[in-house]
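J.: Please work out how this folds:
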Amino acid sequence: METHGTNENSSMKERFALLVFTDLDGTLLDHDSYSFEPALPALTVLKKRNIPLIICTSKTRAEIERIRIQLHNNHPFVSENGGAIFIPKDYFSHPFEYTREDSAYRIIEYGISYSRIREVLKKMEAHFPGKIKGFGDFPTEEVAHLCDFPREQARLAKMREYDEPFLIKDIQILDKIQQIAKNADLHISKGGRFYHLLGQNDKGKAVLRLREMYEKTFKPIKTIALGDSPNDLQMLEAVDYPVLIQKADGTHDPSVKRENLIQAPGIGPSGWNAAVLKLLDHLSNTIKLASEGGT
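T.: Residues are numbered from 1 along each chain as shown. From the prediction side, this is the model:
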């Protein structure tokens, strides 16, 4: 499908020179409290300079929409590890292809159906009884306990469309279930709390697609991405300035490697804040950022 924007979104009135992509859990949001308060100084600067903050996470659409309200964010977002890009209607003025639309978004889907992913997970469980358990098998109350969520937030986390988080009780089976996933044209990624079973989508593909869409109107553009775990690697590889946030224990994940990787000097949203402010200061001397006062 293809669409033409009719009334250009107010956020698109100024010229963009920079995009910021961010993971949520353990990155912009604190690992334990899920607060973004330590990142407020940098978030305020991004808002004033009209620099799009694009959420790119393993969370569901329902979870992200709640967080976007809290952040006063009206930009596109990426759900469930690149399963889909949700673009607010009339955000872009140029035509672009999309998979489907609803009352709020035009949606570009990369992921496969959740029902298919669940079929493959059940196959894994049959091979290794009692050693794997997916989100779809957890009662809402158990998800709330595992993630330290309120019950309502756990309910939103279970509204999955493209990705199944799961736990492994015996890490020795990982190679074997990875082969089962591969045979079904799926793959497994590792997040902060869970493994994830998903199609051939990843955060990096979504980031590259969005950059391309912005650059049709605003060129050239520089990109920043911030993440903390292996399932952020493709996103970090897709941008000009990749930032690895310290995990809750104060270390940087050693399995996330990139030649020009920037290691943030802090944990979660505190490290996020410091890294973004430092990069904005550096980039203001090399590229023309939008003037303060944008929406």
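
J.: Quick check on residue 45: phi, psi?
T.: phi -60, psi -40 (degrees, to the nearest 10).

J.: That one contacts residue 277, doesn't it?
T.: Yes - between residue 45 and residue 277 a contact is recorded at 6.8 Å, counting by Cβ atoms under 8 Å. (C-beta placed from N, C-alpha, C; glycine too.)

J.: Helices of the stretch 101-250 of the chain, residue ranges please.
T.: Secondary structure of the stretch 101-250 of the chain (DSSP state H, counting those that start in this stretch): helices located at 114-127, 140-147, 151-157, 174-183, 203-215, 233-237.

J.: Which segments of this structure make up each domain?
T.: Following automatic domain parsing, one gets these domains for the chain: 2-111+202-283, 114-198.

J.: Format the ones you listed as CSV; extra columns: mean pLDDT and mean neighbour count.
T.: Below are the domains of the chain laid out as CSV (pLDDT from 0 to 100; neighbours: other Cβ atoms under 10 Å):
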stretch, mean pLDDT, mean neighbour count
domain 2-111+202-283, 91, 19
domain 114-198, 94, 17
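
J.: so the spatially closest residue to residue 45 that is not a sequence neighbour is in which element?
T.: Ranked by Cβ to Cβ, 6 or more residues apart in numbering and with sequence neighbours excluded, the top spatial neighbour of residue 45 is residue 280, at 6.0 Å. Residue 280 belongs to helix 268-283 when assigned by DSSP states H and E.

J.: And the residue nearest to residue 45, how close does it get to residue 77?
T.: Going from residue 280 to residue 77 by Cβ to Cβ, to the nearest Å gives 21 Å.

J.: Ends of stretch 186-202, what's the gap?
T.: 11 Å (Cα to Cα, to the nearest Å).

J.: just to revisit the earlier point, quick one: the helix holding residue 280 to chain centroid distance?
T.: Between the centre of helix 268-283 and the centre of its chain there are 18 Å (Cα atoms, centre = their mean, to the nearest Å).

J.: next one: stretch 163-170
T.: With Cα atoms, centre = their mean, you get 19 Å for stretch 163-170.

J.: CA atoms only: put it into PDB for me.
T.: The C-alpha trace of stretch 163-170 is given here as PDB (Å, rounded to 0.1, in the frame of the first residue of the first chain):
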ATOM      1  CA  ASP A 163       7.800 -11.600  19.400                       C
ATOM      2  CA  GLU A 164       7.600 -14.100  22.200                       C
ATOM      3  CA  PRO A 165       9.800 -13.500  25.300                       C
ATOM      4  CA  PHE A 166      10.700 -16.700  27.100                       C
ATOM      5  CA  LEU A 167      12.800 -18.100  29.900                       C
ATOM      6  CA  ILE A 168      15.200 -21.100  29.700                       C
ATOM      7  CA  LYS A 169      15.700 -23.200  32.800                       C
ATOM      8  CA  ASP A 170      18.700 -25.000  31.300                       C
END
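
J.: which residues are contacting that stretch?
T.: Contacts to stretch 163-170, defined as Cβ atoms under 8 Å, 6 or more residues apart in numbering, come from residues 58, 80-81, 83, 111, 114, 117-118, 121, 128, 130-136, 174, 177, 191, 193-198.

J.: Select from these every entry located in strands.
T.: 132-134, 195-198 (DSSP state E).

J.: Residue 230 is in contact with residue 26, correct?
T.: No - between residue 26 and residue 230 there is no contact under Cβ under 8 Å: 11.9 Å.

J.: what about residue 114, distance to residue 59?
T.: For residue 114, the distance to residue 59 equals 14 Å [Cβ to Cβ].

J.: Straight-line length of stretch 51-66, end to end?
T.: End-to-end for stretch 51-66, by Cα to Cα: 20 Å.

J.: what sits opposite residue 20 in the beta ladder?
T.: For residue 20, the beta-bridge partners are residue 53, residue 224 (DSSP bridges).

J.: Quick one: residues contacting it.
T.: 46, 51-54, 223-226, 276.

J.: between those, which is closest to residue 22?
T.: Ranked by distance to residue 22 (Cβ to Cβ), the contacts of residue 20 are led by residue 226 at 4.8 Å.

J.: Let me see the contact set for the closest one.
T.: 20-23, 27-28, 243-245, 264, 272, 275-276.

J.: Distance to residue 32 added to the helices of the stretch 101-250 of the chain, as a markdown table?
T.: Formatted as a markdown table, these follow (distance: least, Cβ to Cβ, whole Å):
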| stretch | distance to residue 32 |
| --- | --- |
| helix 114-127 | 28 |
| helix 140-147 | 10 |
| helix 151-157 | 14 |
| helix 174-183 | 26 |
| helix 203-215 | 23 |
| helix 233-237 | 23 |
